[in-house]
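Q: Based on what follows, work out the 3D shape:
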Amino acid sequence: MIVRSLVAVSLAVLLGSPCLMAQVTDFRPVTEETLRNPAPGDWLNFRRTDDAWGYSPLDEIDRDNVGQLQLVWSWAMDESGAQEATPLVYDGIMYLPNPQDVIQALDAATGDLLWEYRPELDEDVRRGGIGAQKNIAIYDDKIFGTTHQAHIVALDARTGEVVWDTQTADPSLGYEYSAGPIVVHGTVIAGITGCERYKEDICFLTGLDADTGEEKWRTSSIALPGGPGGDTWGDLPLEFRAGSDMWMTGSYDPDTNLVYWGTSQAKPWARSVRGTDGDALYTNSTLAVNPDTGELVWYYQHLPGETNDMDEGFENILIDVAGQPSLFKMGKLAILWQLDRETGAFIHATDLGYQNIVDVDPETGEVTYRPNMIPEIGVEMTMCPSTSGFKSWRAMAFSPETNALYIPMTLNCERATFGPTERVIGGGGTGPVRRADYRHPDAGSDLGEFHALDITSGETLWRHRTPTPINTAALTTAGGVVFVGDFDRYVYAFDEATGDILWQTRLGTSAQGFPVTYLANGRQYLAVPAGTGGGSWAGLIPRELIPEIRRPDHGNAIYVFALPVRSATTSGGPPQATADVQSTVWDGVYTEAQADRGRVQYTESCAGCHALDLRGNRTSPSLVGLSFNFLWLERTLGELFGRIQQLMPTDRPNSLSAQTYRDILAFILRANSYPLGEEELEADRLDQILITANPDP
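A: The predicted structure follows:
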């Protein structure tokens with residue numbers, strides 16, 4: 001039975017509710033124009049922009065100062081599943097997808113929690129997958145997410161309250177979402193997964209009304225019996241046509257008015273197991289769909305009749321090359337495909353040269369399987385890559401400065417023996433495979449590779465090898481820096497042109513997910529997710545091939561970095577205050593009585609770390625003199641107040657009253673010899689008072 005959408009607004013309120021800490025104030029609805037052309041400091045789409053470049057035009061952090069990056073805040077995320085998140089950032093607020101469908105809103109400058117949506121799971125429904133939620137979407141005044149119980153939800157962006165909740169499929173049949181939606185013309189579009197088992201239904205892409213959650217259209221990702229392409233499955237009935245899941249979200253081209261979505265392989269993986277000899281449309285394809293109607297305008301099948309679990313279902317990057325509107329895509333085989341994104345016509349293919357399964361004519365796109373590379377049941381074969389792939393959901397990024405794609409990879413191969421499955425309802429799946437993984441012969445002792453590829457010439461600009469798999473998406477920036485992370489907890493900043501490592505740091509567990517960069521209060525930040533799960537790249541392959549390198553089996557988190565305050569401009573000058581400044585600390589902004597109260601509270605709550613004389617110790621900075629000036633000159637008292645409130649006392653941050661924190665701030669000002677005044681510091685004045693050097697030294 002095919003399950004159609006069920007809008008359940010009242011039920012959604014019962015099954016999922018926000019934990020209200022605060023709410024987003026002064027929220028400006030996101031218009032269609034805003035979504036199509038985000039402000040440079042915002043990250044509004046999965047890969048920032050519709051074209052999926054994974055590129056930021058921000059250049060405050062550049063190749064000259066990136067080595068000064070330091071951690072400014074971090075946030076522990078939900079630990080109930082795998083973490084593969086892409087944060088969204090809009091107007092200084094970070095909207096963060098967590099495992100098991102949790103969504104949080106954080107202050108992007110401080111990491112303070114504003115609200116949290118945490119759905120209650122129906123224990124009677126199968127809980128499939130690994131819990132990862134790759135992305136969410138924003139439009140108008142709503143945040144849109146997908147769930148592992150086959151729902152699409154809309155939340156109020158200000159409060160996290162459920163606006164509507166639509167079930168698109170029956171989760172008891174295995175349906176779920178592992179990637180979030182995009183929004184085009186007020187239509188929320190998402191592709192479903194959980195299609196590997198035999199059932200009387202198939203995978204689909206669906207479009208919902210952003211205001212109401214009502215389904216507007218539904219497009220199958222498998223050719224139906226008797227329909228166009230239906231004969232490519234032979235005589236298999238609908239219930240035995242499995243696969244064509246959509247692991248990743250799509251891209252959008254306003255000029256063609258098409259969304260582009262990738263589909264996975266047919267199931268079971270091997271032709272001999274699933275019983276097909278034909279192409280098995282529309283598996284392993286790029287689908288171009290009209291976002292208003294759901295019409296399939298064109299498709300391109302990269303690997304017709306694919307039979308080794310070599311997905312091509314990953315990101316679609318839209319780049320114009322010499323005036324040619326193109327779509328670039330790379331799947332597990334590390335073959336870069338270039339298509340005409342208006343028509344779907346093949347343009348070119350660049351094989352990085354690591355795979356041994358197929359030959360692809362670079363001028364026609366014709367695919368031919370090499371001898372002994374089509375699996376037979378019970379017969380061992382050796383193939384490169386393994387079923388983990390050289391490329392996976394860790395997305396490439398494009399830099400217009402270098403005309404290059406930056407590709408996260410892992411290099412390994414597999415001895416595989418494919419086995420049979422039962423062709424009955426509930427059967428199927430991927431099919432059993434006896435496997436033994438091994439390092440790629442060209443990789444030496446390394447598993448990871450970060451590969452820079454010129455998209456016009458197909459030439460490698462540089463490559464960097466790592467002992468463990470590259471484990472995040474890539475992030476390129478106008479500062480000439482490309483960021484990426486690996487399984488062994490490292491985050492790297494490379495010079496985009498040369499491949500030189502300019503900065504690196506280490507996280508609590510594997511760097512994993514989709515790094516982003518953004519502006520908050522005029523300052524550029526770098527956010528890097530870390531976490532567990534991540535599929536065979538971060539599970540089976542490291543355990544088998546590098547057991548000596550371990551990661552903690554917990555630690556889902558987001559880590560946020562920025563330049564030190566005095567380095568936070570490319571001009572080398574002081575940072576510019578963003579508040580409506582009306583006075584400075586030299587104008588007498590606190591009273592003696594307030595500073596006296598603050599001294600008592602400081603002694604009780606802060607002196608243990610910062611010392612009675614405020615000069616700090618080996619782990620806590622001085623709050624007076626040169627150190628204080630270095631950290632806080634040209635910033636407002638509001639920023640300093642927020643920092644004190646966020647971090648102190650260290651064993652119970654934000655546990656004192658706001659008045660107490662203002663009193664402590666007054667004491668710190670007196671210790672720095674700023675003059676007394678006649679009025680106490682009040683909350684409504686903090687953002688209007690600037691910390692400056694003495695105007696009359």
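Q: going forward, measure contacts and count neighbours with C-alpha atoms only.
A: Noted.
Q: what about the helices in this structure?
A: Along the chain, counting by DSSP state H, helices occupy 9-15, 32-36, 271-274, 540-545, 592-605, 607-610, 625-632, 637-647, 658-671.
Q: got the CA coordinates for the second one in PDB?
A: What follows is helix 32-36 as a C-alpha-only set of coordinates in PDB (Å, rounded to 0.1, in the frame of the first residue of the first chain):
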ATOM      1  CA  GLU A  32      12.600  33.700  -1.700                       C
ATOM      2  CA  GLU A  33      15.100  36.300  -2.800                       C
ATOM      3  CA  THR A  34      17.000  36.000   0.500                       C
ATOM      4  CA  LEU A  35      17.200  32.200   0.100                       C
ATOM      5  CA  ARG A  36      18.400  32.400  -3.500                       C
END
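Q: Would you pull up how far it lies from the middle of the chain?
A: Its chain's C-alpha centre and that of helix 32-36 lie 20 Å apart, by C-alpha atoms, centre = their mean, to the nearest Å.
Q: What separation do you get for Gly431 and Pro375?
A: According to C-alpha to C-alpha, to the nearest Å, Gly431 stands 12 Å off from Pro375.
Q: Identify the contacts common to these two.
A: Ala270, Phe418 (C-alpha atoms under 8 Å, 6 or more residues apart in numbering).
Q: Let's see the pLDDT reported for Gln576.
A: Looking at Gln576, its pLDDT is 44.
Q: brain fart, Ala190
A: 98.
Q: Same question for the one 10 residues further on.
A: Reading off the confidence values, Glu200 has pLDDT 91.
Q: Confidence-wise, which of the helices of the chain is weakest overall?
A: helix 9-15 (a mean of 35).
Q: what's the closest of the helices of the chain to Ala397?
A: helix 32-36 (18.4 Å; C-alpha to C-alpha).
Q: which non-adjacent residue is nearest Gln504?
A: Distances taken as C-alpha to C-alpha, 6 or more residues apart in numbering place Tyr492 nearest to Gln504, at 4.5 Å, with adjacent residues excluded.
Q: same deal with Thr603?
A: Leu612 (6.6 Å).
Q: Could you tell me how many residues sit around Pro237?
A: 12 (other C-alpha atoms under 10 Å).
Q: from what I can see it touches Ala223, true?
A: No. Assessed by C-alpha atoms under 8 Å, Pro237 is found out of contact with Ala223, at 10.9 Å.
Q: Model confidence at the residue nearest to Thr603, what's the number?
A: The predicted structure lists Leu612 with a pLDDT of 90.
Q: correct me, but it touches Glu604?
A: No. Assessed by C-alpha under 8 Å, Leu612 is found out of contact with Glu604, at 9.9 Å.
Q: Let me know which of the helices of the chain is the nearest to Ser392.
A: Ser392 lies closest to helix 540-545 among the helices of the chain, at 13.3 Å (C-alpha to C-alpha).
Q: mind checking how far that closest one is from the chain centre?
A: 24 Å.
Q: quick one: Asp156 from Asn98, how far?
A: Noted for Asp156: a distance of 17 Å to Asn98, by C-alpha to C-alpha.
Q: Of these two, give the one with the bigger neighbour count.
A: Just comparing Asp156 and Asn98: by other C-alpha under 10 Å the higher neighbour count belongs to Asn98, 30 against 18.
Q: give me every residue that touches the more buried one.
A: Met77, Asp78, Gln83, Ala85, Gln104, Ala132, Gln133 are the contacts of Asn98 under C-alpha under 8 Å, 6+ apart.
Q: Try it again at 7 Å.
A: Asn98 is in contact with Met77, Asp78, Gln83, Ala85, Gln133, counting by C-alpha atoms under 7 Å, 6 or more residues apart in numbering.
Q: Could you report the neighbour count for the second one?
A: Neighbouring residues of Asp78 were enumerated by other C-alpha under 10 Å; the total is 21.
Q: pLDDT score assigned to it?
A: For Asp78, the model assigns a pLDDT of 93.
Q: Now do the same contact list for the nearest residue to Arg48 once chain neighbours are set aside.
A: Nearest non-adjacent residue to Arg48, counting by C-alpha to C-alpha, 6+ apart: Gly54, 6.1 Å away. Contact analysis of Gly54 by C-alpha under 7 Å, 6+ apart lists Arg47, Arg48, Ala397, Phe398, Leu475, Thr476.
Q: redo that, cut-off 10 Å
A: Counting by C-alpha atoms under 10 Å, 6 or more residues apart in numbering, Gly54 touches 43, 45-48, 317, 395-399, 405-406, 473-477, 514-517.
Q: who wins for neighbours among the contacts of Asn98?
A: Busiest of the contacts of Asn98 [other C-alpha under 10 Å] is Gln83, holding 31 neighbours.
Q: check contacts around the spatially closest residue to Pro469 that is not a sequence neighbour.
A: Counting by C-alpha to C-alpha, 6+ apart, Gly448 is the residue found nearest to Pro469 once chain neighbours are left out, at 3.9 Å. By C-alpha under 10 Å, 6+ apart, the residues touching Gly448 are 390, 408-412, 464-471, 486-487, 537.
Q: returning to that earlier point: between Pro237 and Ala223, what contacts are shared?
A: Gly230.
Q: ok, Val30 - how many residues close by?
A: Val30, neighbours per other C-alpha under 10 Å, totals 17.
Q: do Asp361 as well
A: Neighbours of Asp361 (other C-alpha under 10 Å): 14.
Q: same thing with Leu336?
A: 20.
Q: ok, it touching Phe314?
A: No. With contact defined as C-alpha atoms under 10 Å, Leu336 does not reach Phe314; the gap is 11.6 Å.
Q: Report the set of residues contacting both of those two.
A: Lys329, Met330.
Q: in the stretch 151-300 of the chain, what spans have low per-residue confidence?
A: Counting by pLDDT under 70, the stretch 151-300 of the chain shows no low-confidence range.
Q: mind listing what the residue nearest the centre of the chain touches?
A: The structure's the chain has its C-alpha centroid closest to Thr86; by C-alpha atoms, centre = their mean the separation is 2.1 Å. Applying C-alpha under 10 Å, 6+ apart to Thr86 gives the contacts 43, 45-48, 95-98, 133-136, 180, 473, 512-516, 527-529.
Q: and if you look at His348?
A: His348 touches 328, 336-340, 360-365, 456, 458, counting by C-alpha under 10 Å, 6+ apart.
Q: Try it again at 6 Å.
A: Gln338, Pro362, Glu363 (C-alpha atoms under 6 Å, 6 or more residues apart in numbering).
Q: And the last one, how close does it get to Trp337?
A: Translated: Glu363. Distance, Glu363 to Trp337, by C-alpha to C-alpha: 11 Å.
Q: All set, thanks.
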